[in-house]
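Participant: Here's a sequence, model it:
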Amino acid sequence: MVMLIQWSVELVTRIEIIPRLENHLIDDCFYQDDEIGEMRHTAFMVECGLEEDPPDGPDVDPIPWGDMLLLKIQQEQEQNRINEDDSALDAWNQYIKKLKAEEEIRIPKCASSPKLQHVSYKQYAPVA
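Facilitator: Numbers count the residues shown, from 1 in each chain. You can find the predicted model right below:
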């Protein structure tokens, strides 16, 4: 017998205690037949001592939820922030290199004339 849950659209004032589902009903709700058979076979083999549980756990990563999900989101945001900082720093370094190259073109190193003044690349740096 499969129990069906019905949602009410009206306010219900009585409380009805629903009995706990039996294990086979839970299995039927959440697992397919081949998965159930594989789990029962593995449990039997482990119980008999013919097989051991894998020491390193399952071969798939757990699905994050609750605190694990919040931690994962925070780590991703931190990584994105670090990447943005790195890209901004790279852009700044490229800008400085460009200004240094332009400065070398405008003012030759052999120029000793008093009419030529040294122009620093720092004068052209953008204000953040």
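Participant: measure stretch 26-39 end to end?
Facilitator: Looking at stretch 26-39, the gap from its leading to its trailing residue is 14 Å under the measure CA to CA, to the nearest Å.
Participant: That one: how far from the chain's middle?
Facilitator: Relative to the chain's own centre, stretch 26-39 is displaced by 30 Å; criterion: CA atoms, centre = their mean, to the nearest Å.
Participant: quick one: secondary structure of residue 55?
Facilitator: Recorded secondary structure, residue 55: coil (DSSP: H, G, I helix; E, B strand; the rest coil).
Participant: what does the one 5 residues further on give?
Facilitator: For residue 60, the secondary-structure state derived from three-state DSSP is coil.
Participant: From residue 12, how far off is it?
Facilitator: Distance check for residue 60 against residue 12: by CB to CB, to the nearest Å, it reads 41 Å. The C-beta positions use only the backbone N, C-alpha and C, and glycine is treated the same way.
Participant: No further questions, thank you.
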